[in-house]
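[1] no sequence on hand, only this structure:
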């Protein structure tokens, strides 16, 4: 099992290292990169009705797609996706690879409560992380899948902060949000719906953010 | 008498001479020149008209949401950074209201739009960048308010 993880980590790192980003040059260049060629893109029709995203969500998807050199599509959940568990949630499925389904009302409430779109944007970045896992064939067990997605979301937040597009207080609110969606402390890590406790989720986001600041590649910052 | 006859003859001769090849060619040349001039001026006018049509792109944004909202708009070069400082306009767009945004086709421009009312510090984190050429004359139904 451990050997498999290491192999996947090697594949993840090699994929991202080997492709060469278009943001700020090759691997030997100094300074942080602005993009990574993960190439997430839908390969089939959306498995659920795809509601038009608002300007705010379209804008963050444009940024996420530029950052991950992808063309993923955000879909506001409609009745069929709500029936599949979209309420107060967002999700990605293997059948819906390249799409992110999200609860518009939940994100609107999050924006209003935080007076910032960054926590909601992180929420979408976390789901984008699941698409990256699907794109690269990464499948960590239980909550480690969620924590890696948190880490990749944090990596994107790090890019936002380092490029001066978000303020420090907004980043703090994003950490608070990550904590608020943590599991109860007693949750077993192998439980199918486990996402990690408050502390684990905050640490994962921090790890991704620090990784970007340390100019690590995503596969190095957020290993399996 | 002869003079008169001669005069008549001369007049007749002169009127016939009007249709002699030399003068006819001259008149035809003038006609062709005039027609050419008309043709050139017409095609030039059409070209000018065409240039006027394609040199400006227009995007129509419709606020498809049920609420009116404040929208910030700024024009940047195509592929440019929306976060960079540029002159920005702020407007209130009512529910179902349509706004038109014009930009130059030759300058390769894009519009950055954002609905910023949810930020405490007045900054905006995410601009939606719309390429003028791609969205020229298209009606974009955007939910300007919210997610």
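    Cool, the structure landed. Quick caveat: nothing in here was measured; it's all calculated off a predicted structure.
[2] surely residue B:130 touches residue B:111?
    Yes. Applying C-beta atoms under 8 Å, one finds residue B:130 in contact with residue B:111, separated by 5.0 Å. (Each C-beta comes from the backbone N, C-alpha and C, glycine too.)
[3] for these two, list the residues in contact with both.
    Common contact partners of residue B:130 and residue B:111 (C-beta atoms under 8 Å, 6 or more residues apart in numbering or on different chains): residue B:59.
[4] what does chain A have sitting close to chain B?
    By C-beta under 8 Å from any C-beta of the partner chain, the residues of chain A that approach chain B are A:52-60, A:62-63, A:76, A:102, A:104, A:107-108, A:111-112, A:115-118, A:120-121, A:160, A:163-167, A:169-170.
[5] next step: those residues restricted to helices.
    Mapping these onto helices (DSSP state H) picks out A:55-60, A:62-63, A:104, A:107-108, A:111-112, A:118, A:120-121, A:160, A:169-170.
[6] show me where chain A has helices.
    Under DSSP H, chain A gives helices at A:2-19, A:55-67, A:79-81, A:104-114, A:118-136, A:143-162, A:168-180, A:198-213, A:218-221.
[7] of all those, which one is nearest residue B:138?
    Of all the helices of chain A, it is helix A:55-67 that lies closest to residue B:138, at 14.9 Å by C-beta to C-beta.
[8] and that closest one with helix A:118-136, angle?
    40 degrees (axes from the mean of the first three to the mean of the last three C-alpha atoms, to 10 degrees).
[9] so for stretch A:174-189, what gets flagged as buried?
    A:174-175, A:177-178, A:181-183, A:187 (16 or more other C-beta atoms under 10 Å in any protein chain shown).
[10] closest one of those residues to chain B?
    For the buried residues of stretch A:174-189, the closest approach to chain B (C-beta to the nearest C-beta) belongs to residue A:174, at 10.9 Å.
[11] the closest one: what's it in contact with?
    Going by C-beta under 8 Å, 6+ apart, the list of residues near residue A:174 reads A:118-119, A:122, A:157, A:205.
[12] switch the cut-off to 10 Å
    A:114, A:116, A:118-123, A:125, A:153-154, A:157, A:160-161, A:166, A:202, A:205, A:209 (C-beta atoms under 10 Å, 6 or more residues apart in numbering or on different chains).
[13] surely residue B:129 touches residue B:78?
    Yes. Judged on C-beta atoms under 10 Å, residue B:129 makes contact with residue B:78 at a distance of 9.0 Å.
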